[in-house]
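Trainee: Kindly return the folded structure for what I paste below:
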Amino acid sequence: MDPHTPVPIDVPIGPDSRISEIDEALAEDDAQRAERRAARTAGQERLNDLPRLLRWIGGAVLVVAAFTFMLQGWESADDLARYYHFLAFTGVLTAAGFFCGLRIRDEKGARTFVGLAAGAVPIHFTVLGALLYSQFPWLSGFTHYPAYAHFTAPHPAAALATAAIGVIALVPVCWMAFLTLARPEARRLTVAYMLANLTLLVPTRHPDVIGLLAFALLIGCLFFDRRYLLPAQGLRTLEGRFVRLLMGVPFAVLIGRTLNLYEPSSFFYAAWLASMAVTLFVLGPVIIKKKGEAVLAQHLALVPAGLACVALGDSVVGAFNLHESAILPLVCLPMAGTFAAMSLRSADGGARMRNLAALVAAGGMTAQLVFFPGVLSSVACLATAIVATAYGYAAEQKGVLVSGAAALVFGLLYHLRYAAELYALSPWAALAALGIVTVVSASLLERHRGALTAHVLELRSRIGGWSH
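Mentor: Down below sits the predicted model:
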């Protein structure tokens, strides 16, 4: 062997290398244990969410079962038996809720059952209202109903007795439901909910009456919600929001029933659109916390409010067989008044709404004067313009002032033209009067020019600081 040939030597691994390998092995083992823990945690979370999923599925199945129960043939039974079976079904839901709450100690399951029972109450009142209407129709006759909506009592006594039994039986159902869902407000909610559902028992299907009844019901529900439910701390949960939504179900049934089964009238559409405007205007700032978006919601409420005024004007013209010249005053003036009233509660102060109100009023009466000229149109235009101008000046709003002033100038010019036509039998006298007025005006302007100039400059500087 060549003495200069290098001999391979096994170099032992140092302590640092062995520590590194041990750290890597420990890190890998920790990662595997972490993955197993994460898998167990995810599995446990899915297992914890399983009861909630099953409750949602079970609730949906019960809702479908309820509707199937009401829509099935029932060839061998009359409508009264059909209703009493549904009343028994609602009682079973309430009993199941108490069983879950008292025996199983499952509050969520109990809330699911009693919530479904409370949600079925408007269906009960709808059916009871149909039974009463079959024997005591008021202001409207029968129509051809689909099978699912056909409920007829054999005689008046049966209709009254069934309605009384149903209402009495549903009071404890609502009481138990609200005790479970919103205990501090249970008594107040039960009374309000029953009163709201009682509107479904009114034995009429006349669209005008239903529209007025629905609008009054909505106003009452909104007042009750703002006055009693919104400040309640216990109703800010999911169950509380569900309870608050329940209060609006009777209104939805009144509107939906008329749209689906009957022929709506212009007045009904006016009430419906007004209800939409009020809901959007009142609930917009409550639901939407950002001021800009809440203001947008309130401004969007102007659209259904304006359309409601159009429908109301059409209803009045048709009901009293008025001439078409009455359309613009009956539409524009109420619309302007509505916009002005809404501006008083607007989240942004309402300046834009008041400008729009002045524009609608002044523009509408100016258009009235153009399309239907005459003394009444001229007086209406001048009166509206004077009110708008005076308010714009007093409130220091340029838009209102400009709209009123423009309509005032147009109305005065037309009135002068009308006066000239009225005295056309004496053109010499008219020209003489015009000349005298012109000379006197020139003399007054010459004498008070300085004061008038100062007043104009002062007015311009004052208007410059007004809001738009």
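Trainee: how near is the spatially most central residue of the chain to R227?
Mentor: Residue closest to the average C-alpha location in the chain (CA atoms, centre = their mean): T279, at 2.5 Å. With distances taken as CB to CB, to the nearest Å, T279 is found 16 Å from R227. Quick note: C-beta positions are derived from backbone N, CA and C, even for glycine.
Trainee: circling back to that earlier point, go ahead and confirm the residue nearest to the centre of the chain touches L222.
Mentor: Yes: the pair T279 and L222 passes the contact test of CB atoms under 8 Å, sitting 7.2 Å apart.
Trainee: picking that back up, tell me the secondary structure for the residue nearest to the centre of the chain?
Mentor: What DSSP: H, G, I helix; E, B strand; the rest coil gives for T279 is helix.
Trainee: Would you mind measuring from it to L302?
Mentor: 14 Å.
Trainee: what's the answer for L80, then?
Mentor: For L80, the distance to L302 - CB to CB - is 48 Å.
Trainee: And the two? Which one has more around it.
Mentor: Each of L80 and L302 has its neighbours counted (other CB atoms under 10 Å); L302 has more, 21 against 17.
Trainee: What's the separation between that one and N355?
Mentor: 12 Å.
Trainee: per-residue pLDDT, L212?
Mentor: If you check L212, the pLDDT there is 96.
Trainee: So what touches stretch 251-258?
Mentor: Contacts with stretch 251-258, where a contact means CB atoms under 8 Å, 6 or more residues apart in numbering, come from 122, 126, 196, 199-200, 205, 207, 210-211, 213-214, 217-218, 221, 264, 268, 272, 275.
Trainee: actually stretch 316-331, not the one I wrote
Mentor: Applying CB under 8 Å, 6+ apart, the contact partners of stretch 316-331 are 266-267, 309-310, 312-314, 364-365, 367-368, 371-372, 377, 380.
Trainee: list the buried ones in stretch 152-172?
Mentor: T152, A153, A158, A159, T162, A163, G166, V167, L170 (16 or more other CB atoms under 10 Å).
Trainee: So, low pLDDT: which residues of the stretch 251-400 of the chain?
Mentor: The stretch 251-400 of the chain contains no residues with pLDDT under 70.
Trainee: Name the surrounding residues that touch the helix or strand containing A186.
Mentor: Assessed by DSSP states H and E, A186 sits inside helix 186-198. If you take CB under 8 Å, 6+ apart as the criterion, helix 186-198 is touched by 118, 121-122, 124-125, 167, 170-171, 174-175, 178-179, 182, 217, 220-221, 224, 228-229, 243, 246-247, 250-251.
Trainee: what's near enough to touch the nearest residue to L246 once chain neighbours are set aside?
Mentor: Leaving aside its sequence neighbours, L246 sits nearest to A118 (CB to CB, 6 or more residues apart in numbering; 6.1 Å). Contact analysis of A118 by CB under 8 Å, 6+ apart lists V173, C174, A177, F178, L181, Y193, L246.
Trainee: just checking, which of these belong to strands?
Mentor: Among the contacts of A118, none falls in strands (DSSP state E).
Trainee: Would you map the helices across the stretch 301-450 of the chain?
Mentor: 302-320, 327-343, 351-371, 375-395, 398-422, 427-447, 449-464 (DSSP state H, counting those that start in this stretch).
Trainee: With distance to L139 as extra columns, can I get the ones you listed in TSV?
Mentor: Listed next are those as TSV, based on distance: least, CB to CB, whole Å:
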stretch	distance to L139
helix 302-320	14
helix 327-343	24
helix 351-371	33
helix 375-395	35
helix 398-422	42
helix 427-447	58
helix 449-464	54
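Trainee: If I look at the residue nearest to L201 when sequence neighbours are not counted, what pLDDT would I see?
Mentor: Using CB to CB, 6+ apart and skipping residues adjacent in sequence, the residue nearest L201 is G129, 4.8 Å away. At G129, the model reports a pLDDT of 94.
Trainee: 826 is where my numbering starts, stick with that
Mentor: In the new count, where the first residue is 826, that last one comes out as G954.
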